[in-house]
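Engineer: quick one, structure for this:
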Amino acid sequence: MCYFILHQTQATKQYGSSWVTDQNGHTIYFLRGQLSQYYYQLQIHDAKNMFLAEIKQLNTGIIPRFKIQSGERQLGSFGLALPMHEVIYIKRLNWVVFAHPKQRAYYIFKGRQVLLHSSLNQHQQLEINITQSKQQALLILIIAFLDRYQQTMMPLTLTQKLQLNYQQLALNPTFNPQFKSKHPVSSITFKSGEYHL
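Structural biologist: Sure, this is the predicted structure:
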């Protein structure tokens, strides 16, 4: 059993680095990416800043899809509904994630084997326990991604989620090559403030 703590940046920050420490407080991994309301991408690097794997958004829609890859090699993919499903199946890896978004508790299974379970500690950080050390970086990446995704999406109303879906499809050059800068800037108001997309 391997024990880690995920130190996430604030959910209101669209960019930044998070890091993962072991039980002795040593930094083991860095997480970097763009987890804004209109595009999701997260990478995991080791302590020497070597790239290991990433999750990238493939498309938009009511159930946007994401791929997990290491370099050019695709490792898996999954879809997330709005709001996030409590059960998520990761193709290719054949992993099943049981998520409790409000409690920020997560389990990852392969068959009947528990690969990972995590929950919040008293400092509001994710404590992560992993039984499959060979794939621990990938497991941590998935949990870090899902945790940030749910923090970003849960405050939104249904109307805001539908508006966000339109903005992703129409205004983001990642999904719409015809996008031009002449499109008007739009905004969404959150409980924590206003974000301009």
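
Engineer: which strands or helices does the longest strand anywhere in the chain pack on?
Structural biologist: The single longest strand within the chain, with elements called by DSSP state E, is strand 27-36. In terms of contacts (3 or more C-beta pairs under 8 Å, 6 or more residues apart in numbering; DSSP states H and E), strand 27-36 is packed against strand 15-22, strand 39-46, strand 51-57, helix 136-153. Every C-beta, even on glycine, is put in place using the N, C-alpha and C of the backbone.

Engineer: for it, list every residue counted as buried.
Structural biologist: 28-33, 35 (16 or more other C-beta atoms under 10 Å).

Engineer: what strands line up against that strand, and which way round?
Structural biologist: Strand 27-36 has the following sheet partners, assigned by DSSP bridges: strand 15-22 (antiparallel), strand 39-46 (antiparallel).

Engineer: outline the domain layout of this structure.
Structural biologist: 2-153, 158-196 (automatic domain parsing).

Engineer: and those, which is most packed in?
Structural biologist: Of all the domains of the chain, domain 2-153 has the most neighbours on average by mean count of other C-beta atoms under 10 Å, namely a mean of 17.

Engineer: circling back: turn the strands paired with strand 27-36 into TSV, columns for mean pLDDT.
Structural biologist: As requested, the strands paired with strand 27-36 are exported to TSV (pLDDT from 0 to 100):
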stretch	mean pLDDT
strand 15-22	83
strand 39-46	91
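
Engineer: of all these, which lies closest to Met1?
Structural biologist: Closest approach to Met1 among those is made by strand 15-22 (12.0 Å; C-beta to C-beta).

Engineer: residue contacts, Ile140?
Structural biologist: 4, 6, 20, 29, 31, 44, 128, 130 (C-beta atoms under 8 Å, 6 or more residues apart in numbering).

Engineer: who touches the closest residue to Ala144 other than its chain neighbours in this structure?
Structural biologist: The shortest distance from Ala144 to any non-neighbouring residue, by C-beta to C-beta, 6 or more residues apart in numbering, is to Leu31 (5.2 Å). Residues counted as contacts of Leu31 (C-beta under 8 Å, 6+ apart) are 6, 17-20, 42-45, 140-141, 144.

Engineer: could you measure from Leu31 over to Leu58?
Structural biologist: Taking C-beta to C-beta, to the nearest Å as the measure, Leu31 falls 20 Å from Leu58.

Engineer: give the other helices and strands that the helix or strand containing Tyr107 contacts.
Structural biologist: Assessed by DSSP states H and E, Tyr107 sits inside strand 105-110. Strand 105-110 is packed against strand 95-100, strand 113-120, helix 136-153, with contacts defined by 3+ C-beta pairs under 8 Å, 6+ apart.

Engineer: so in that sheet, which strands flank that strand, and in what orientation?
Structural biologist: strand 95-100 (antiparallel), strand 113-120 (antiparallel).

Engineer: report the angle between the axes of the first one and helix 136-153?
Structural biologist: It stands for strand 95-100. 40 degrees (axes from the mean of the first three to the mean of the last three C-alpha atoms, to 10 degrees).
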